[in-house]
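>>> here is a sequence with its predicted model. Questions after.
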Protein chains: 2
Amino acid sequence: MEHAERLLTAAGELFYRRGIRAVGMDDVRAASGVSLKRLYQCYPSKEALVVAYLERRDERWMSSLTSYVAEHGDSVEAVFGWLERWFAEDGFRGCGFVNAYGELGATSEAVADVVRRHKRRLRDYLRGLVPDDTLADQLLVLVDGATVTAMVDPEHGARAARAAGEAARALTAACPR
Amino acid sequence: MEHAERLLTAAGELFYRRGIRAVGMDDVRAASGVSLKRLYQCYPSKEALVVAYLERRDERWMSSLTSYVAEHGDSVEAVFGWLERWFAEDGFRGCGFVNAYGELGATSEAVADVVRRHKRRLRDYLRGLVPDDTLADQLLVLVDGATVTAMVDPEHGARAARAAGEAARALTAACPR
DNA sequence: GACACGGGAGAACGATCGTTCTCGCGAGCT
DNA sequence: AGCTCGCGAGAACGATCGTTCTCCCGTGTC
């Protein structure tokens, strides 16, 4: 069933770019070329589609980050190099999870859950890169903060990423090895 | 005309807690006690009400932060002390501007603008607290990152604020005075 | 060829939204 | 008292949403 795949690709694009509530199920149908009937066979409700979108985004986003960082010697700096590239991508619009949480976190517990899981996974991954728990918390804060700053002010996204990266380097260097 | 005030108070509460698109104009009417007719006299559209909400939120949020920090000797650490208190407030749900941008930034240029102005004002204020431009960028990233982390994981909001505060202190100390 | 069936296109449905309109009451002026 | 005007309550309107249903055609099987 490649329909689910086409649906997730189209829905992901739309949800991320426009915001979730701004996208109707008929928009997803039109963008994916999958009929409404089959859409509801694959995902019985919009909420289910949204959760699937976020779960797929989690997988792809995390694996893109981790493989890039692994290719660069698992260094903390590589995390911010990856961020800088991400911020420069066409259609970058901040963290899809934070945006989803702001929109639906108060309404849908399922959405809030998958966002929390994603952030926990990210923190756990960062924790593996550094020798210290507090440092992992700080890295997470820097990553999310740089993402927010780059979203609101796309022209200075690179500056935000570099400032965060320098902060991370300084903090890491100051930390006992 | 105190109607505008009552409207902004009620609308602000609802928009912030539930998300903007989740709140109907009739919800605002019910919560404020102001008739629909007068609502549209004060704010000719929902977008106008949203913009007014964000502008008022900007004023109050900034003045709460700046007056607290001023009372604590204009120290950078006070910024994060204030954040920690904010995160612990009932009904804290992250940065209203980031949430609004994620929801409506792609749809409404007016909303995107007021969010950008707020973040620029915040950065300018932080710039006055530190001797360095890059440091101001880093502070902004830390503030927004801590806010996002505290929103998604409210139990560890205080931990995020303290980690960010320690990061800020370390970065400030490392910076030439 | 007859027939059952699955799926696509899109109409239909009920809810809700932003916005406007109607109606009727009550205060203030002459 | 009579008249006017502003306002509140809420119905109405048109659009749009999530979801379901109808209709019809193409295909595979006997």
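Nice, I can see it.

>>> what's residue A:49 in contact with, if anything?
Residues in contact with residue A:49 (C-beta atoms under 8 Å, 6 or more residues apart in numbering or on different chains) are A:7, A:11, A:25, A:28, A:39, A:43. (Glycine included, C-beta is placed from N, CA and C.)

>>> can you rerun that using 10 Å?
Counting by C-beta atoms under 10 Å, 6 or more residues apart in numbering or on different chains, residue A:49 touches A:4, A:7-8, A:11-12, A:15, A:20, A:23, A:25, A:28, A:39-40, A:42-43.

>>> in what helix or strand does residue A:158 lie?
Taking DSSP states H and E as the definition, residue A:158 sits inside helix A:157-174.

>>> give me the buried positions along that helix.
A:157, A:159-168, A:170-172 (16 or more other C-beta atoms under 10 Å in any protein chain shown).

>>> stretch A:121-136 now?
So, applying 16+ other C-beta under 10 Å, buried residues of stretch A:121-136: A:122, A:123, A:125, A:126, A:127, A:129, A:130, A:135, A:136.

>>> return a ChimeraX selection command for the buried portion of the contacts of residue A:49.
Buried members of the contacts of residue A:49 can be picked out in ChimeraX with the line below, counting by 16+ other C-beta under 10 Å:
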select /A:4,7,8,11,12,15,20,23,28,39,42,43
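
>>> just put the contacts of residue A:49 in TSV and tack on pLDDT.
Shown next, in TSV, are the contacts of residue A:49 (pLDDT from 0 to 100):
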residue	pLDDT
A:4	87
A:7	95
A:8	96
A:11	97
A:12	97
A:15	98
A:20	98
A:23	98
A:25	97
A:28	97
A:39	96
A:40	96
A:42	95
A:43	96
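
>>> and the contacts of residue A:49 near chain B, which?
Restricting the contacts of residue A:49 to those within reach of chain B (C-beta under 10 Å from any C-beta of the partner chain) leaves residue A:20.

>>> now, the contacts of residue A:49 that are in strands?
Nothing among those maps onto strands, per DSSP state E.

>>> tell me the SS of residue A:93?
With DSSP: H, G, I helix; E, B strand; the rest coil as the basis, the three-state label of residue A:93 is coil.
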